[in-house]
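Colleague: I'd like to go over a predicted model; first the sequence, then the structure.
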Amino acid sequence: METGNPHDTGTAGPERPAEATATTGTTAGPAATTEVVEPVVPSGAPSAPGAEPKWIALPPGLLKVRRLMLVVWLGLLTLAAGLVPGLLAGPRWAAFALPPLALLAWGWVMLERNWRSWRYAERSDDLLISRGVLWRRETIVPYGRMQLVEVTSGPVERHFGLASVQLHTAAAATDATIPGLVPAEAERLRDRLTELGEARSAGL
């Protein structure tokens with residue numbers, strides 16, 4: 001029984017190494033591919049220079065607190081404006097409750113828009129804070145100018161588990177506040193900004 005390559009058409013002989021030949025057109029073999037690996041930026045790390053800022057929004061707890069305060073104050077005003085005139089002068093005078101009620105509905109919507117407008121971004125050299133609905137305002141706080149970063153929390157904020165970060169710089173015009181943060185994020189931001197401020201002021 002003979003064995004051999006069915007594609008052999010000549011006589012058997014020693015195999016010769018394949019010779020490289022120059023060809024024009026497409027090349028044989030799989031195409032070379034290059035895998036691009038993007039660097040992973042950890043959460044909370046400052047953005048690289050020239051990159052788009054990574055905005056961080058405020059937690060929804062701040063919106064809940066502000067809406068609650070709106071309902072308490074304007075709700076009492078609505079009751080007083082409608083109940084007192086209605087009892088003293090007649091039911092028609094209860095219409096005085098409509099203006100504060102309309103103000104309550106308008107404020108309910110505007111508080112959400114204002115809350116959504118608040119955001120901040122940690123960049124390589126400074127902190128960027130943006131807020132405002134009708135008038136947009138952006139504050140840039142350089143790390144090297146920070147003199148004091150503190151976390152504050154009033155009675156209402158403590159009750160709802162919120163805190164604010166206050167930034168004090170050499171120029172009063174660049175002082176800023178980030179309200180309505182959860183305590184863990186407020187403390188992380190305070191420690192991070194303090195560390196970056198000390199490094200920039202030391203010229204590192």
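Modeller: Structure's in. What do you need? Numbers count the residues shown, from 1 in each chain.
Colleague: please make it C-alpha for all contacts and neighbour counts, starting now.
Modeller: Noted.
Colleague: what about the helices in the protein?
Modeller: For the chain, applying DSSP state H gives helices covering 61-89, 98-117, 155-159, 183-201.
Colleague: which one, of those helices, ends up nearest to Ile129?
Modeller: For the helices of the chain, proximity to Ile129 was assessed by CA to CA; helix 98-117 is nearest, at 10.1 Å.
Colleague: give me the contacts around that closest one.
Modeller: 57-58, 62-63, 66-67, 70-71, 74-75, 77-78, 82, 130-133 (CA atoms under 8 Å, 6 or more residues apart in numbering).
Colleague: list only buried entries from the residues you listed.
Modeller: 58, 62-63, 66-67, 70-71, 74-75, 77-78, 82, 130-131 (16 or more other CA atoms under 10 Å).
Colleague: low-confidence ranges in this protein?
Modeller: 1-51, 202-204 (pLDDT under 70).
Colleague: so who does the residue sitting nearest the centre point of it touch?
Modeller: Central residue check for the chain by CA atoms, centre = their mean: the C-alpha nearest the mean position is that of Ile56, 1.1 Å away. Contacts for Ile56 were tallied using CA under 8 Å, 6+ apart; they are Arg119, Tyr120, Ala121.
Colleague: and the second one, how many neighbours?
Modeller: Number of residues near Tyr120 (other CA atoms under 10 Å) recorded here: 21.
Colleague: quick one, what contacts it?
Modeller: Tyr120 makes contact with Trp55, Ile56, Ala57, Leu127, Leu128, Ile129, Ser130, Ile178, according to CA under 8 Å, 6+ apart.
Colleague: enumerate every residue touching the fifth one.
Modeller: Leu128 is in contact with Tyr120, Ala121, Glu122, Glu138, Thr139, Ile140, Val141, counting by CA under 8 Å, 6+ apart.
Colleague: and the two most separated of those?
Modeller: The largest separation in the contacts of Leu128, counting by CA to CA, is between Glu122 and Glu138 at 13.3 Å.
Colleague: tell me which of these two has more neighbours.
Modeller: Neighbours around Glu122 and Glu138, counted as other CA under 10 Å, are more numerous at Glu122. The numbers are 23 against 13.
Colleague: the more buried one against Lys54, yeah?
Modeller: Yes - with contact defined as CA atoms under 8 Å, Glu122 reaches Lys54; the gap is 7.2 Å.
Colleague: let me see the domain layout of the protein.
Modeller: Listed domain ranges for the chain are 55-117, 127-204 (source: automatic domain parsing).
Colleague: Trp93 and Met146, how far apart?
Modeller: As for Trp93, its distance to Met146 is 56 Å (criterion: CA to CA, to the nearest Å).
Colleague: which of these two has more neighbours?
Modeller: When Trp93 and Met146 are compared for neighbours, Met146 comes out ahead with 23 against 16, by other CA under 10 Å.
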